[in-house]
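Peer 1: This is the structure alone, sequence omitted:
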């Protein structure tokens, strides 16, 4: 049975005046699955996410979301539909509650106290943190608030950009369990950029290895144990050291 | 003031020239250029104003105001070079400010509809609007660049460009307006405003001079807030494209 694609990329190119960052990528992210994207820095992974969330538009090729061309979506609804958690976990001035309320506020809604408490507990934080100044949080706490904030939009596709790189082992495992739970319970498609091969193997069913703006190799996660591409072999060996 | 008295005021130019030379500050050339330019420019304006006042022709008043707006746009546009269509945005802002302020002043008979009132007041309004415009554009450009991550965060969560840039926009409007409000708090305590001093020296009743000065101050408050707000709301859409993406 052919599984449906949440996102399909057809010869996608993204270039700036100086560089070609994405060099004609063709591929699909399976609906309802967790796919890991790994690859060295500068491979174009974050740019790919920004293209899928509509923060950038491709210079060439097509991106389809659930089979519909990305340009047919209104940018606001696209970004609510394809949620992104960025690596830097930017917090706006104000309390944690203010930050959590942001996606609803942008949509003219209000965040109830019950919902705020439920979301903050969902990402493994104590509800007491809700009234703290968001700029005083640790890197890990900011990342968790950032995840909760994106989840409040109830995205059907969730893009996670190195979200556990600043977390300790316990927090990292908490987040992995949370993402797996969200994927299992809600059927949310998750695409996860990570530099951690062990993490990719433990949470993902499929994997893309990106090198120099191209997909060097893609397939089931087990592919990482026996890659065929020489660059991928080299990358896996280096990262596995 | 007699011609001899005016010549004697050049002593106030000789003092900085002497100090600059003695201390090797290297300011002699600039001081001389500034002195010559101010003499030529002010006398030229003086003769032009005298001609316009004598002719009482409304066309000349329009031309004078248009000239002021043109010069103000020319000065301010360099600061907003990164904003698409900044020239026309500045023209529109200055024209609206001029029409609004003169409309109230003349419409409510606060000042007489003569060149003697319209031109100096327009000069003050457009001049201040230009300074405010430059302050605003400086601040807005740096706010937008320093808050780029926040702007993109809000867009990524489904915010509109207006929601995404609101913080930068309001902070810039506020920051460029504050100096006008602050300077009005201490006016008369630290220094007497230039126009009021000029009127008093020219022999006007000090209370009349105060009343005119208050008119100017209130006028400048409106000028400050309207300039920054108009320029802000005209400029922010140029930071985004039709797909609601930030333009570099």
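Peer 2: Noted; the coordinates are in hand. Note that this is a predicted model, so its numbers are computed, not measured. Numbering: from 1, shown residues only, chains lettered A, B, ... in the order given.
Peer 1: And the helices in chain A, which stretches?
Peer 2: In chain A, the helices defined using DSSP state H lie at A:45-52, A:75-81, A:96-106, A:113-122, A:139-151, A:169-186, A:197-203, A:230-240.
Peer 1: Show residues contacting the longest one.
Peer 2: This points to helix A:169-186. A:32-34, A:122-124, A:140, A:143-144, A:147, A:151, A:154, A:158, A:160, A:163-164, A:167, A:188-190, A:192, A:199, A:202-203 (CB atoms under 8 Å, 6 or more residues apart in numbering or on different chains). From N, CA and C alone the C-beta is placed, and that goes for glycine too.
Peer 1: Name only those of those residues that count as buried.
Peer 2: A:32-34, A:123-124, A:140, A:143-144, A:147, A:151, A:158, A:160, A:163-164, A:167, A:188-190, A:192, A:199, A:203 (16 or more other CB atoms under 10 Å in any protein chain shown).
Peer 1: Please see if the strand or helix carrying residue B:166 touches chain A.
Peer 2: Per DSSP states H and E, residue B:166 falls inside helix B:161-185. Yes - interface with chain A: helix B:161-185 contributes B:163, B:167 (CB under 8 Å from any CB of the partner chain).
Peer 1: got the angle for that helix vs helix A:96-106?
Peer 2: Using axes from the mean of the first three to the mean of the last three CA atoms, to 10 degrees, the inter-axis angle of helix B:161-185 relative to helix A:96-106 is 120 degrees.
Peer 1: pLDDT averaged over stretch B:177-186 - what is it?
Peer 2: For stretch B:177-186, the mean per-residue pLDDT is 87.
Peer 1: Can you point out the buried residues in it?
Peer 2: B:177, B:180, B:184.
Peer 1: do the same with stretch B:137-146
Peer 2: For stretch B:137-146, by 16+ other CB under 10 Å, it's B:137, B:139-141, B:143-144.
Peer 1: Stretch A:154-173 too?
Peer 2: Applying a neighbour-count criterion of 16+ other CB under 10 Å, one finds A:155-164, A:166-167, A:171-172 buried in stretch A:154-173.
Peer 1: From these, which land in strands?
Peer 2: Among these, the ones falling in strands (DSSP state E) are A:157-161.
Peer 1: Distance to chain B for these - can I get that in CSV?
Peer 2: Shown next, in CSV, are those (distance: CB to the nearest CB, whole Å):
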residue, distance to chain B
A:157, 13
A:158, 12
A:159, 9
A:160, 13
A:161, 11
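Peer 1: Same list, the residues you listed, but as CSV with distance to residue B:151 please.
Peer 2: Shown next, in CSV, are these (distance: CB to CB, whole Å):
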residue, distance to residue B:151
A:157, 22
A:158, 22
A:159, 18
A:160, 21
A:161, 17
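Peer 1: quick one: which two of those residues are the most distant?
Peer 2: Spatial extent of those (CB to CB) is set by the pair A:157 and A:161 at 13.4 Å.
Peer 1: pLDDT below threshold where in chain A?
Peer 2: Under the criterion pLDDT under 70, the flagged ranges of chain A are A:1-2.
Peer 1: Up against chain B, what does it have?
Peer 2: For chain A, the residues in contact with chain B (CB under 8 Å from any CB) are A:53-57, A:71, A:75-77, A:79-80, A:83-84, A:86, A:88, A:90, A:92-93, A:102-103, A:106-107, A:149-150, A:153.
Peer 1: Quickly list the domain ranges of chain B.
Peer 2: B:1-55, B:57-246 (the TED database).
Peer 1: looking at the ones you listed, which is buried most?
Peer 2: domain B:57-246 (a mean of 18; mean count of other CB atoms under 10 Å in any protein chain shown).
Peer 1: of the buried residues of stretch B:137-146, closest to chain A?
Peer 2: If you rank the buried residues of stretch B:137-146 by distance to chain A using CB to the nearest CB, residue B:143 comes first, at 13.2 Å.
Peer 1: Can stretch B:233-248 be said to contact chain A?
Peer 2: Yes - residues of stretch B:233-248 contacting chain A under CB under 8 Å from any CB: B:243-246.
Peer 1: Considering the residues you listed, which is situated nearest to residue B:67?
Peer 2: Looking across these and measuring by CB to CB, the closest to residue B:67 is residue B:246, at 37.6 Å.
Peer 1: quick one: contacts for that closest one?
Peer 2: A:55, B:148, B:151-152, B:155, B:239-240.
Peer 1: Which two of the residues you listed have the greatest separation?
Peer 2: So, the contacts of residue B:246 by CB to CB: farthest apart are A:55 and B:239, at 13.8 Å.
Peer 1: For chain B, give me the ranges with low pLDDT.
Peer 2: For chain B (pLDDT under 70), the answer is B:191.
Peer 1: interface residues of it facing chain A?
Peer 2: B:149-150, B:152-160, B:163, B:167, B:243-246.
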